[in-house]
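**Q** take this sequence and fold it.
(chains A and B)
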Amino acid sequence: KNQVEQSPQSLIILEGKNCTLQCNYTVSPFSNLRWYKQDTGRGPVSLTIMTFSENTKSNGRYTATLDADTKQSSLHITASQLSDSASYICVVSPWTGGFKTIFGAGTRLFVKA
Amino acid sequence: DAGVTQSPTHLIKTRGQQVTLRCSPKSGHDTVSWYQQALGQGPQFIFQYYEEEERQRGNFPDRFSGHQFPNYSSELNVNALLLGDSALYLCASSRTGVQEKLFFGSGTQLSVL
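**A** Coordinates of the predicted model:
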């Protein structure tokens, strides 16, 4: 069964600190992996998109890595800001098409001053 | 260039009632997908519309139905509302063949009392 599991479920960090969020998936064959940021009560916004052949992708202070062999991805946030407080969702699409896309439950990040 | 717009933003209904949610896709997009997101969970795929037809459906009962209009906008209808239907309903649009580039609306928060 195709699954996407994220850890930790929630995380509290101080402003200015770095953090890393994890995503493990069992989707196969695999097409692409995306990280989204979702503010409370809002729709998800895309941060990064990686195909199976890519190992890393950056978007400002956000850097995603992908290890297709171990089926693991991480999202690293550098120099966190209060506005980074949100849910971060890992999304994996199999080769069969976008409507089979599987969403993780997300990691809820709280950045404190 | 307007992104994905959804209406209404919030809605309160009682059990047994029917509800219609609306979505206008991003300019240039022809495919609309609907998701249900319960509190603390990742979005769950309901169905996808392309060329005014339902192309794929997730594991949702027939009480959930939809429609796509010639201008690519879409509606989600839910009949015989249950308490468990309370959730954030997200609409995402994309261009055919570019499924990985999903753009989400801000969602409609539905509360069933």
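
**Q** when you work out contacts or count neighbours from here on, use the C-alpha atoms and nothing else.
**A** Will do.

**Q** what parts of chain B come near chain A?
**A** Residues of chain B found near chain A (C-alpha under 8 Å from any C-alpha of the partner chain) are B:40-45, B:48, B:56, B:88, B:90, B:99-100, B:102-107, B:109.

**Q** mind checking which of these are buried?
**A** Among the residues of chain B next to chain A, the ones that count as buried by 16 or more other C-alpha atoms under 10 Å in any protein chain shown are B:41-45, B:48, B:88, B:90, B:99-100, B:102-107, B:109.

**Q** roughly how far apart are B:T14 and B:D85?
**A** Plainly put, B:T14 is 11 Å away from B:D85 if you go by C-alpha to C-alpha, to the nearest Å.

**Q** actually A:F110, not the one I wrote
**A** For A:F110, the distance to B:D85 equals 28 Å [C-alpha to C-alpha].

**Q** pLDDT below threshold where in chain B?
**A** B:1, B:97-100 (pLDDT under 70).

**Q** and the strands in it?
**A** For chain B, the strands defined by DSSP state E occupy B:5-7, B:10-13, B:19-24, B:31-37, B:44-50, B:53-57, B:64-68, B:74-78, B:87-94, B:103-104, B:108-112.

**Q** ok, which residues in chain A are in contact with chain B?
**A** Residues of chain A lying close to chain B (C-alpha under 8 Å from any C-alpha) are A:32, A:41-46, A:49, A:89, A:93, A:97-99, A:103-106.

**Q** report the secondary structure state of the nearest residue to A:A79 once chain neighbours are set aside.
**A** Of all residues not flanking A:A79 in the chain, A:G16 sits nearest, at 4.2 Å (C-alpha to C-alpha, 6 or more residues apart in numbering or on different chains). Following DSSP: H, G, I helix; E, B strand; the rest coil, the label given to A:G16 is coil.
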